[in-house]
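1. from the sequence below, what's the structure:
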Amino acid sequence: MKTIARITVLILAVVLVAGVSYAQFAKTEDAIKYRKSVMVLIVTHFKRMGAVVQGKADYDKQAFAANAEVVKMMATLPWEASLAPGSDKGDTTLSPDVFSKEDDFRKIAATFEAETAKLAATAMDGDFDAIKAQFGVVAQSCKACHKPFRK
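-> Now for the predicted structure:
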């Protein structure tokens, strides 16, 4: 009986969280603004790291790791806003293919999240060659979404 109660509570919690997530975007424009804001922050912090990797800025382990942590956290945020109905219309570059190829989209998003997490961990270690290599992997995982899912 306790197992059934636990499962019921777990299912209710998942449904509640999913409902709250979708309720955050009462308007399509809100989902688009949210997603674009997240992407601006990802790009901003990624460019800071890119300047270091390209030798255009000095390497500061703490600053690099802080930027990597921000990207790691932000990488988890835009996906539900991307899947909000109608969020491919209006002031956006999101392709409608996101909806017809949702499984592919989610797989690419999960890869991006995993690779940004690896970058954050690598940045904490401080091995600059490993950081550069993982930065390149993250950049490729980012581009992997742009080609099929941007207008």
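2. mind giving me the packing neighbours of the longest helix belonging to the chain?
-> Counting by DSSP state H, the longest helix found in the chain is helix 28-53. Counting contacts by 3 or more C-beta pairs under 8 Å, 6 or more residues apart in numbering; DSSP states H and E, helix 28-53 packs against helix 61-74, helix 78-82, helix 128-149. Backbone N, C-alpha and C define where each C-beta goes, glycine included.
3. buried deepest among the ones you listed, which one?
-> Of all the helices and strands packed on helix 28-53, helix 78-82 has the most neighbours on average by mean count of other C-beta atoms under 10 Å, namely a mean of 21.
4. for the helix or strand following it, packing partners?
-> Next helix or strand after helix 78-82 toward the C-terminus (DSSP states H and E): helix 97-100. The elements that helix 97-100 packs onto, with contact taken as 3+ C-beta pairs under 8 Å, 6+ apart, are helix 128-149.
5. look up how far Thr76 lies from Asp104.
-> 18 Å (C-beta to C-beta, to the nearest Å).
6. likewise Val98?
-> On the measure of C-beta to C-beta, Val98 and Thr76 end up 17 Å apart.
7. so which of these two has more stuff around it?
-> For Val98 and Thr76, the more surrounded residue by other C-beta atoms under 10 Å is Val98, and the numbers stand at 21 against 15.
8. need the contact list for that one.
-> Shown in contact with Val98 (C-beta atoms under 8 Å, 6 or more residues apart in numbering): 82-83, 88, 105, 149.
9. now Met39
-> Counting by C-beta under 8 Å, 6+ apart, Met39 touches Pro78.
10. gap between it and Ile32?
-> Where Ile32 is concerned, Met39 sits at a distance of 11 Å (C-beta to C-beta).
11. then Ala57 would be within a helix, right?
-> No: Ala57: not assigned to a helix; according to DSSP: H, G, I helix; E, B strand; the rest coil it is coil.
12. can you offset everything so residue one is 535?
-> Sure thing, new numbering starts at 535, so read that last one as Ala591.
13. pLDDT at it, what is it?
-> pLDDT recorded at Ala591 is 98.
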